[in-house]
Structures are given as C-alpha cells and as structure tokens.
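# Predicted model and sequence below, questions to follow.
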Amino acid sequence: MTSLPTAGKRKRVFIRTYGCQMNVYDSDRMADVLRPLGYALSESPEQADLVVLNTCHIREKASEKVYSELGRLRDVKLERRREGSDLTIAVAGCVAQAEGEEIARRQPAVDIVVGPQAYHHLPQLLAEAERRAAVRRAGKRLPGAGVLDTEFPAESKFDHLPAPAGVRAGSAFLSIQEGCDKFCTFCVVPYTRGAEYSRPVEAILREARALVAAGAIELTLLGQNVNAYHGEATDGSTWSLARLLRALAEIEGLARLRYTTSHPRDMSDDLIAAHGEIPQLMPYLHLPVQSGSDRILEAMNRGHGRDLFRRLVDRLRAMRPDLALSSDFIVGFPGESDGDFDDTMRLVDEVGFASAFSFKYSRRPGTPGATLADQIPEALKTARLAALQALLADQQRAFNSMKVGATVPVLFAEPGRKPGQMLGKSPWLQSVHVEGPTSLLGRIAEVELTGAYAVSLSGRLVSPLEVAA
C-alpha cells in the first residue's frame, strides 16, 4: 500500500485554471487539499514543485492550449532534472476526464491525470507518483506513463474535502450542484462531470456560514445546471434552489447572493418569485439560450423553444424590473441556415442583454453534434459570430450607459491597473473603477457612476468614510 505524503519540507504548487467558475472553485479546493501536505501557492510554474493544469473541454482550442502548455512544462521538467531536482505535472478537470489516456500518450512528462470528481484523491495520487519517480531514479522501468484517476467515485468528493481555507476580497464561490442530465447535443459536460448531483442542504449551509465567518459578504452558488438543484434536507425533504436561497439570505453578514449557470427548463415559479422577494439576490441572471431558432434548439436537444425563453424573460422582468440578463450563444451549429441565424439576431434584438458569451460551434468528440451532417464552413461561422458579437457589444454599451448618474453599492474586489485605483462589482456584475484607498478591498461602498465604456464603468466614492462591510 502506498503511504500518503505528509507535511514536512515546504513545497510550492502552481495551479492554472481554464474555463468556468466551477473550475475556479475546484482549483481553490485542490489548493485546500494540498495545503496539509505542505504545499503553498506559487506565482509561476518555474518556482513550483507541483504544477496542476485544471482544464476545460468545452471548446477544441481550449484543450489544444493545454497540450501546448504541457509541451512548455515538459521543457521545465527536463531542465529541473538536469539540475538534480524534479517537477511533478498533474492534469485535472474535464480534459483529464475525457482524454486521460490520450494525455498520457501524447505527453509522457505528465505524472498525474485526475478527473473533476476525484481531486480529493490527490494525496494518494501524489504518493503514487512519488513512488514511481523513485523507481525511475533507481533505473527501473515502469508500465504506463503516469497515475490516472478518471473514474466517477461512488462517494461524493464533497464528503472528503477540507473546509475552505479563506475568502478573496469579500466574495466566494460555493458549489451546490454538479453534472447535467440534459444531454445537449453540442456539450461534453454529462460525459466529463457526470449525472446531476445536488449537495445536501446542511452541507451547503455549513460551508456558507464558514465562508461568511471568514469574511465573505457575497456568495455565488455554482452548478453546471444550478437551478436544477434538489438537495436533501435533514428532515428528509427536498429543497429547491429558491428555498436554499431564502435560507442563505438569513445568514447574518451575507449581503449578496448570485447563482450560475442556469437552464431555461429549470426556471421554476418559486425561483422567478425569489428574484423579486430576496433583497440579497442580485439583479443579474445568466440564462443560456444558445440559439433563437426553434429548429436549431430542437437539434441541440435543448428541450425548450424561443417562446418559452421570451416568456421567462418577461416574467423575470415583471418580478425584478432592473434585472440584467446575460446569456450564451452558439453560432454555426450543424445545419444552421441564414434564416436560423436571423432568428437568433431577432431574439437578441427583442430581449436585450447586458452581457453575453458567444462562440462558434466546436465539434467535441463523443457528442451527437460531432457526427451531424451539414457542418457549417468556418468562414461562415466567423462572419456570423462577428455580426452577433457586434450587436451584443452595442447592447452592453447601452446598458452601461443607462447606469451613468446612478449611485449604487459596489463590492471592491481588487486594486485597479493605475496607482490609487480600485476595481469593484456593481449589483449587475459590471466592473466599476474608482479612485480610492486599498482599505475598500472586500467591502461595499456607495459609488456614483460617472462614465460608461464597452465593458466597464467609472465612478466616484460618494463618501469614503461611509464604507459598509
């Protein structure tokens, strides 16, 4: 049996995160798992003893970036060996889950491959990697190229993770749900993150209280399909996301709540009502629609049409008139005609978005969409994406401009690029720059918005002395 590494000589780990907020959360939790083993965070791979690439598999270019980075890390590892030391390389996340054996084949410098449901096994995986390294140093050959753990464990990783170690600037992510049962034909998430799983209510409330005690005044609830949350409470009842939000809002000191990412099919009546009834729930919602064409939505297996999306938006805005809406769009899905794309442009024009993420369709191996006929030429996808992004950018600028002159509470997250400047988040998740002291970090202050730009706003502190935690 391989013994686990223990904390001794201080080591350093560098974690590079690709992709979504769930990966940001997972990277933080991997750091929590590694801390008792003696690992502190490093600012660069060159200064680290262990490098973890926490990967995203949503787009083809994202996974190719990982292989490119692995080539660079291989050179660092070879240089270390020439100097008489070593570098352990781990690939985690969704590329690891989907392409574990391929990673080991393409890049033998990788020591550990671990999927997103198994990173609580990192201590055991590191111990095995260290054993294999010692065997190689002794001049012996080993079968295989590294240590792989890409199974979906029977137990939840959340049952084995240590408590979060800290909070960044008053804001924290809290994972409440993972996986997806929707099986959209373009998406790899059901294959890399597994079936939908909702954490128990008490575990979430306990972690939320700990984060608030550690300084969080804003929590963002995370899930691949977060509004499908259906967690079990201690009395055996099942809670919806809306009920969970209401309970979280009762935690003293918690000023802001957000959640992402949602699916239109799970936008329930009680959740819509929550947007108008919970003051801590910020007036911002990310609700991916992907296309404005009913024909393409059906081909994507989205389970809803444009009319349902429009009705949801109308109901949400009736409940919370200042709601800012964000969404995801894919252009160039197989078979998308000019008319289908025009339907998407009309939907964007009719709804109006404060921000959005838009992409060209990318074939993902193993998904039904990858085998569909009538794949769209790359040049046409590029042209459609440019047109869509131009419209979305106009809407974002218009939304930002509409806020100029208002005085709003801003949560300050980090220093700005210029000396004496601070950067914060408005209730609508806009970046806001002000001149102010670093003591604002992690606190909420009233700001008069004075200027609007493409993706941010400028403002001035109404009263620097009246800063509320």
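Arrived safely.

# Following element in sequence after the longest helix seen in the chain, please.
Longest helix of the chain, by residue count under DSSP state H: helix 378-403. Sequence order places strand 407-415 as the next helix or strand after helix 378-403, per DSSP states H and E.

# helices and strands around that following strand, which ones?
In terms of contacts (3 or more C-beta pairs under 8 Å, 6 or more residues apart in numbering; DSSP states H and E), strand 407-415 is packed against strand 421-425, strand 444-452. Yep, even glycine has a C-beta here, placed from its N, CA and C like the rest.

# of the ones you listed, which approaches Leu205 most closely?
Nearest to Leu205, of all the helices and strands packed on strand 407-415, is strand 444-452, at 22.7 Å by C-beta to C-beta.

# Quick check: mean pLDDT of the longest helix of the chain?
Taken as a whole, helix 378-403 carries a mean pLDDT of 97.

# Please identify the buried residues of it?
Buried residues in helix 378-403, counting neighbours by 16 or more other C-beta atoms under 10 Å, are found at Lys381, Arg384, Leu385, Leu388, Gln389, Leu391, Leu392, Gln395, Gln396, Phe399, Asn400, Lys403.

# Which parts of the stretch 101-250 of the chain are strands?
Here the stretch 101-250 of the chain has its strands, by DSSP state E, counting those that start in this stretch, at 112-114, 147-149, 171-175, 177-178, 197-198, 218-222, 230-232, 238-240.

# Which residues outside the second one are in contact with it?
The set of residues external to strand 147-149 that reach it, using C-beta atoms under 8 Å, 6 or more residues apart in numbering, is 100-101, 104, 111-115, 118, 121, 125, 128-129, 132.

# ok, back up a step: quick one, which of the strands of the stretch 101-250 of the chain is nearest to His286?
Proximity to His286 (C-beta to C-beta) singles out strand 218-222 among the strands of the stretch 101-250 of the chain, at 10.3 Å.

# neighbouring contacts of the helix or strand where Asn23 lies?
Counting by DSSP H and E, the element that carries Asn23 is helix 21-34. Contact partners of helix 21-34, identified using C-beta under 8 Å, 6+ apart, comprise 13, 15, 17, 39, 41, 50, 52, 54-56, 92-94, 116, 119-120, 122-123, 161-165, 173-175, 178, 220, 222-224, 260.

# Check which element follows it along the chain.
strand 39-41.

# average pLDDT across stretch 45-61?
Stretch 45-61 comes out at a mean pLDDT of 85.

# and if you look at stretch 338-353?
Rounded to a whole number, the mean pLDDT of stretch 338-353 is 98.

# Could you list the buried residues of that stretch?
Within stretch 338-353, the residues that count as buried by 16+ other C-beta under 10 Å are Asp340, Phe341, Asp343, Thr344, Met345, Leu347, Val348, Val351, Phe353.

# looking at the chain, which helix or strand is least sure?
One helix or strand of the chain scores below all others by mean pLDDT, DSSP states H and E: strand 147-149, with a mean of 76.

# List every C-alpha atom in stretch 70-88, with coordinates, as PDB.
Provided in PDB are the C-alpha atoms of stretch 70-88 (Å, rounded to 0.1, in the frame of the first residue of the first chain):
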ATOM      1  CA  LEU A  70       2.300  20.700 -21.400                       C
ATOM      2  CA  GLY A  71       5.000  21.000 -24.000                       C
ATOM      3  CA  ARG A  72       6.400  24.000 -22.200                       C
ATOM      4  CA  LEU A  73       6.200  22.300 -18.800                       C
ATOM      5  CA  ARG A  74       8.000  19.300 -20.200                       C
ATOM      6  CA  ASP A  75      11.000  21.500 -21.000                       C
ATOM      7  CA  VAL A  76      10.900  22.900 -17.500                       C
ATOM      8  CA  LYS A  77      10.800  19.400 -16.100                       C
ATOM      9  CA  LEU A  78      13.800  18.300 -18.200                       C
ATOM     10  CA  GLU A  79      15.800  21.400 -17.000                       C
ATOM     11  CA  ARG A  80      14.900  20.500 -13.400                       C
ATOM     12  CA  ARG A  81      16.200  17.000 -13.800                       C
ATOM     13  CA  ARG A  82      19.500  18.300 -15.300                       C
ATOM     14  CA  GLU A  83      19.800  20.400 -12.100                       C
ATOM     15  CA  GLY A  84      19.100  17.400  -9.900                       C
ATOM     16  CA  SER A  85      15.600  18.200  -8.800                       C
ATOM     17  CA  ASP A  86      12.200  17.400 -10.300                       C
ATOM     18  CA  LEU A  87       8.800  18.900 -11.200                       C
ATOM     19  CA  THR A  88       5.500  17.000 -10.800                       C
END
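
# contacting residues around that stretch?
Identification of contacts with stretch 70-88 by C-beta under 8 Å, 6+ apart yields 45-46, 48-51, 53, 89, 91, 103, 106-107, 109-112, 126, 129-130, 133.

# I'd like to know how far Pro368 sits from Cys184.
From Pro368 over to Cys184 the distance is 9 Å, taken as C-beta to C-beta, to the nearest Å.

# any shared contact partners between the two?
Common contacts of Pro368 and Cys184, defined by C-beta under 8 Å, 6+ apart, comprise Asn301.

# Between these two, point out the one with more neighbours.
Cys184 (22 against 16; other C-beta atoms under 10 Å).

# right, and the more buried one touches Asn301 too?
Yes. If you go by C-beta atoms under 8 Å, Cys184 and Asn301 touch, sitting 5.4 Å apart.

# quick revisit: out of the strands of the stretch 101-250 of the chain, which comes closest to Ala210?
When the strands of the stretch 101-250 of the chain are ranked by proximity to Ala210, the top entry is strand 171-175, at 9.7 Å, counting by C-beta to C-beta.

# by contact count, what packs against that closest one?
Under the contact criterion of 3+ C-beta pairs under 8 Å, 6+ apart, strand 171-175 touches helix 21-34, helix 201-213, strand 218-222.

# which of those is buried the deepest?
strand 218-222 (a mean of 23; mean count of other C-beta atoms under 10 Å).
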